[in-house]
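A.B. asks: got a sequence here, can you model it:
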Amino acid sequence: MPQNIYIARQPIVDRDLNTLAYELLFRSAQEDGSVLPLFEDNLLATTRVLVNTLNHIGINNIVDTKKAFINVDEEMLLDPMIITIPKERFIIEILETVNVNEALIERIKELKELGYNFALDDAHCNDNFIQNFLPIFPYIDILKLDIQLIDTQKLKQKIDEFKKYDFKLLAEKVETEEEFETYKDFGCELFQGYFFSRPKIIQKEAMDPHYKKIFNLIKLLDKDIDLEELSHEFERQADITLQLLRFMNSGQLHLKSHIQSIKHAISLLGKVPLKQWLLLIAYSKSEHANTAKVNSPLLEMASSRSKFMFELMDKLHQDTKRNHEAAFVGLLSLMHCIVHVPLGNILDELNVDEKIHKAISDHTGELGLLLELVVAVEEFKIENANEIAQKLKISQEGFKNCLLETIQCKQLFI
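C.D. replies: Residues are numbered from 1 along each chain as shown. As a prediction, the model looks like this:
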């Protein structure tokens with residue numbers, strides 16, 4: 001079996017863009033770093049790899065408390081080992097290529113009675129497709145509509161027929177806001193696609209006031225003012241101060257005593273980590289984030305970038321200053337998607353160091369290469385990721401450990 005298994009995940013969101021689950025994707029790499037193709041022709045082997053990997057990493061470290069979708073074919077459904085997949089954590093996604101026969105129907109019915117949940121992948125409105133899968137519709141919990149294959153006029157005709165069954169509709173391969181709104185109108189409750197897992201960039205000329213407030217505090221941290229004056233400036237922003245004190249007192253930082261004041265918080269946390277925290281607050285105030293439960297894909301991506309770059313830089317130099325610079329680059333690299341202002345304007349507004357500016361805008365220098373590496377992992381371009389890791393002289397073992405540290409990190413946002 002290959003030595004390294006790469007697991008990526010794509011968020012599945014609800015109508016309010018809250019992440020409810022993830023679909024897991026897999027690739028494997030040989031000892032020499034070469035990458036094998038996706039296991040599209042051998043999903044039984046894929047699932048065995050998944051089970052073994054999850055036994056080592058832990059499902060909570062990959063999807064937290066959310067559920068994971070995993071693709072299975074007919075062979076896997078009929079294999080006795082399928083019951084080793086924890087039914088409480090996984091949704092079994094039946095591929096559209098399976099042959100629906102009596103044996104398969106009985107197997108799905110049996111697993112359903114054991115408490116397993118099912119999704120049907122790549123559904124569309126073709127009469128032959130519906131006729132083939134109609135016998136298992138009563139056992140399906142989620143029907144995944146491949147919107148790239150669907151004729152919307154035919155879907156309108158089929159919606160009433162779908163409503164006879166107790167499954168939710170999930171629109172997959174959603175790539176634009178127009179598609180998202182269209183399929184919301186059709187009654188879809190769940191959504192998946194690049195529109196949600198890739199940053200959306202809409203540029204405006206000016207920054208909204210609530211972002212300005214946060215950015216002004218960040219700029220103050222770079223100025224040579226004393227702690228007393230800095231504390232007073234923070235205290236003028238009551239909402240931000242309250243969130244910071246809650247964060248500092250949460251136990252997340254393993255402090256020996258509770259924070260008593262904003263001055264105490266700033267002195268203990270330090271300027272660079274405080275900058276990063278303020279940027280995360282900006283993400284959480286995004287129109288794409290639910291402020292009651294900060295649970296948006298973009299916020300998760302920003303947090304993961306920051307953590308991953310911190311761990312990678314630590315692996316290279318074990319220098320606290322450089323580690324925080326790398327984390328700062330990770331957070332800033334997505335800010336233009338949040339505030340809808342050109343990236344260059346934001347970097348100028350924050351008056352960031354030139355090497356950080358160039359790392360984000362041009363991907364130059366060591367910080368720029370680290371950012372490229374993290375983006376390659378996000379986009380599941382494992383070959384590119386391996387090439388960049390080799391340039392940076394990061395071993396496969398070191399790379400894997402950094403990735404594990406990142407997915408195991410439970411960060412707190414309030």
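A.B. asks: stretch 143-157: end-to-end distance?
C.D. replies: Taking CA to CA, to the nearest Å, stretch 143-157 runs 16 Å from one end to the other.
A.B. asks: brain fart, stretch 313-324
C.D. replies: Its start and end residues considered, stretch 313-324 measures 9 Å (CA to CA).
A.B. asks: likewise stretch 123-142?
C.D. replies: The separation between the terminal residues of stretch 123-142, taken as CA to CA, is 10 Å.
A.B. asks: tell me the mean pLDDT for that stretch?
C.D. replies: Average pLDDT, stretch 123-142: 90.
A.B. asks: repeat for stretch 302-314
C.D. replies: Stretch 302-314 comes out at a mean pLDDT of 86.
A.B. asks: so which residues of the stretch 201-350 of the chain form helices?
C.D. replies: Secondary structure of the stretch 201-350 of the chain (DSSP state H, counting those that start in this stretch): helices located at 209-222, 227-235, 238-248, 262-269, 271-284, 297-317, 320-332, 335-339, 343-350.
A.B. asks: can you list those in TSV and add distance to H124 and mean neighbour count?
C.D. replies: Backbone N, C-alpha and C define where each C-beta goes, glycine included. Formatted as TSV, the helices of the stretch 201-350 of the chain follow (distance: least, CB to CB, whole Å; neighbours: other CB atoms under 10 Å):
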stretch	distance to H124	mean neighbour count
helix 209-222	41	16
helix 227-235	54	14
helix 238-248	45	16
helix 262-269	52	18
helix 271-284	36	20
helix 297-317	25	23
helix 320-332	39	22
helix 335-339	31	23
helix 343-350	38	17
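A.B. asks: who wins for proximity to E172 among those?
C.D. replies: Of all the helices of the stretch 201-350 of the chain, it is helix 297-317 that lies closest to E172, at 14.7 Å by CB to CB.
A.B. asks: could you give the angle of the closest one to helix 320-332?
C.D. replies: For helix 297-317 against helix 320-332, the angle by axes from the mean of the first three to the mean of the last three CA atoms, to 10 degrees is 160 degrees.
A.B. asks: for F399, give me its contacts.
C.D. replies: Residues counted as contacts of F399 (CB atoms under 8 Å, 6 or more residues apart in numbering) are L312, A385, A389.
A.B. asks: kindly report the same for L169.
C.D. replies: By CB under 8 Å, 6+ apart, the contact list for L169 reads I142, L143, L145, F162, Y183, F186, G187, C188, E189, L190.
A.B. asks: ok, the strand or helix carrying the second one: who's next to it in the sheet?
C.D. replies: Spelled out, that is L143. Per DSSP states H and E: L143 is located in strand 142-146. Within its sheet, strand 142-146 is paired with strand 117-123 (parallel), strand 168-172 (parallel), according to DSSP bridges.
A.B. asks: can you list the ones you listed in a markdown table and add distance to P273?
C.D. replies: Compiled in a markdown table, those are given as follows (distance: least, CB to CB, whole Å):
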| stretch | distance to P273 |
| --- | --- |
| strand 117-123 | 40 |
| strand 168-172 | 38 |
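A.B. asks: and those strands: which comes nearest N351?
C.D. replies: Closest approach to N351 among these is made by strand 168-172 (42.3 Å; CB to CB).
A.B. asks: could you identify the helix or strand that succeeds that closest one?
C.D. replies: Going down the chain from strand 168-172, the next helix or strand is helix 177-185, by DSSP H and E.
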